[in-house]
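Turn this into a structure:
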Amino acid sequence: MENSMRPAPPFMAASAAARQRFSWGFAAVMLAVGLLHSMSELQQYRAGGGQHPWEPFLWELSSTLLTALLAPLIYRLHARSRRQQGWLPSLGLHLAGALGYTLLHVTGMFGLRFAVYAVAGVSYEPGHPADILLYEAGKDLVSYGFIVGLCHGLQLHEASRQREQDLLRLQTELAEARLNRLAEQIQPHFLFNTLNLISSVMYEDVPRADRIVCDLATLLRQALTAQENSRHTLAAELALVRPYLAIMQARFGERLQVQVDVEEAASVCLLPSLLLIAPVENAITHDVAHSAGLVQVRVSAAVREGRLCLQVANSGRAPERSERPGSVGLSNTRERLRVLYGDAARVRLSADGAGGSLLEIELPEQRA
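Numbering: from 1, shown residues only. The predicted model follows:
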């Protein structure tokens, strides 16, 4: 059964949103670190008689900018190192990565500084390249190790989330398979009973059998429509129930009286497809068939305090038969609702005190 009304799994959108939030957060943190270092350097710069207050900001922000740009490469390198067989290949990969990070960081940082100094028309003499590389290498190794540790934590977190997503996907697929199995039990159940009904009256009353066949055609047409979605509105569910009730009235005649009382607010609420067919069928085929007198069957629905309240009541026999082993009626209904709603759904079957039965179903209110 196709579930076209089911929303996309939330973890997919959440993962993309989380990555976007992390990217902005990382950029904000790197900018804050660069500004804090710049303010600290500015104090020393002024104490040393510096003439250009923007220089400390250039020095520190150029370093943090290159670090931020190279961090994603380190993240990918660490992910690759975790896939290596043994710690020696992983260590070798990180040694090469640390060397490459140092060279790229120093080259890019000083290249940016020279460009800004040239535009500003200010002389810049940082020292001999070998001395610069040796001085920056020590700091860059510490930075590389810190970034690798951060990347390792992030990748462990992502792996944990991926396991949770896989588990959620498996649980969703299992729930869908169980719902399909339950729905497949319901559909032939009432169909076979209806065909038996047609067979029982076709030789006694041809016009009545013809009307039943027409109602059955309507019922099957609506059932095929219901198969396209695992959930539909209560109004769509009643479009299935009413032809079935017409078939049953054709069978039992004046012995069966039917009343459908549904509030307008309830008719647009969503519920599992074919939810009411089995309870209505049980109320009629078991109660009316075993009662010599008039039996009234009432289907009602209302919305109360954010919950859809459904009732199937009949004035026939008490409902002990609905709990019998192997029944596809009440037990099937309970299982479907448990899979879909967990503890948020409630099903209760009781005697009404006058020899009849009352089935009450409560679901969370969900509108189409």
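
In three-state terms, label Ser123 for me.
coil (DSSP: H, G, I helix; E, B strand; the rest coil).

Which pLDDT does the model give the most far-flung residue of the chain relative to its centre?
Farthest-out residue of the chain from its mean C-alpha position, per C-alpha atoms, centre = their mean: Gly49, at 61.6 Å. Gly49 carries a pLDDT score of 84 in this model.

before we move on, could you check phi and psi at it?
Torsion angles at Gly49 (phi, psi; degrees, to the nearest 10) stand at phi 80, psi 30.

Then Arg298?
phi -130, psi 130.

Could you double-check that it lies in contact with Ile284?
No: the criterion here is C-beta atoms under 8 Å, and Arg298 misses it with Ile284 at 11.8 Å. In this view, the C-beta of every residue, glycine as well, is placed from N, C-alpha and C.

Those two - which one has more neighbours?
Neighbours per residue, other C-beta atoms under 10 Å: of Arg298 and Ile284, the larger number sits with Ile284, 25 against 17.

Can you classify Leu310 as helix, strand or coil?
For Leu310, the assignment made with three-state DSSP gives strand.

Neighbours of Leu42, how many?
By the criterion of other C-beta under 10 Å, Leu42 has 17 neighbours.

ok so Tyr244 is a helix residue?
Yes: judged by three-state DSSP, Tyr244 forms part of a helix.

returning to that earlier point: which neighbours do Arg298 and Ile284 share?
Each of Asn314 lies in contact with both Arg298 and Ile284 under the rule C-beta atoms under 8 Å, 6 or more residues apart in numbering.

Which elements pack onto the helix or strand harbouring Gln43?
Assigned by DSSP states H and E, Gln43 belongs to helix 10-47. Here helix 10-47 touches helix 54-82, helix 129-201, going by 3 or more C-beta pairs under 8 Å, 6 or more residues apart in numbering; DSSP states H and E.

Show me the shaky parts of the stretch 51-200 of the chain.
Low-confidence segments of the stretch 51-200 of the chain, defined by pLDDT under 70: 171-191, 193-194.

got the contact list for Leu238?
Counted by C-beta under 8 Å, 6+ apart, Leu238 has contacts Val260, Val262, Ser267, Leu276, Val299.

now Gly97
So Gly97 contacts Ile74, Leu77, Ser81, Tyr144 (C-beta under 8 Å, 6+ apart).

just to revisit the earlier point, give me the lowest-pLDDT entry from the contacts of Leu238.
For the contacts of Leu238, the least confident entry is Leu276, with 87.

and stretch 347-359, average pLDDT?
Averaged over stretch 347-359, pLDDT sits at 80.

Can you say which of the helices and strands packed on helix 10-47 is nearest to Ser331?
The closest of these to Ser331 is helix 129-201. By C-beta to C-beta, the value is 9.8 Å.

secondary structure class for Leu349?
strand.

How many neighbouring residues does Gln259 have?
Per other C-beta under 10 Å, the neighbour tally for Gln259 reads 11.

Remind me which helix or strand Gly50 belongs to.
Element membership for Gly50, per DSSP H and E: none, as it lies in no helix or strand.

Now do the contacts for it.
By C-beta under 8 Å, 6+ apart, the contact set of Gly50 is Pro56.
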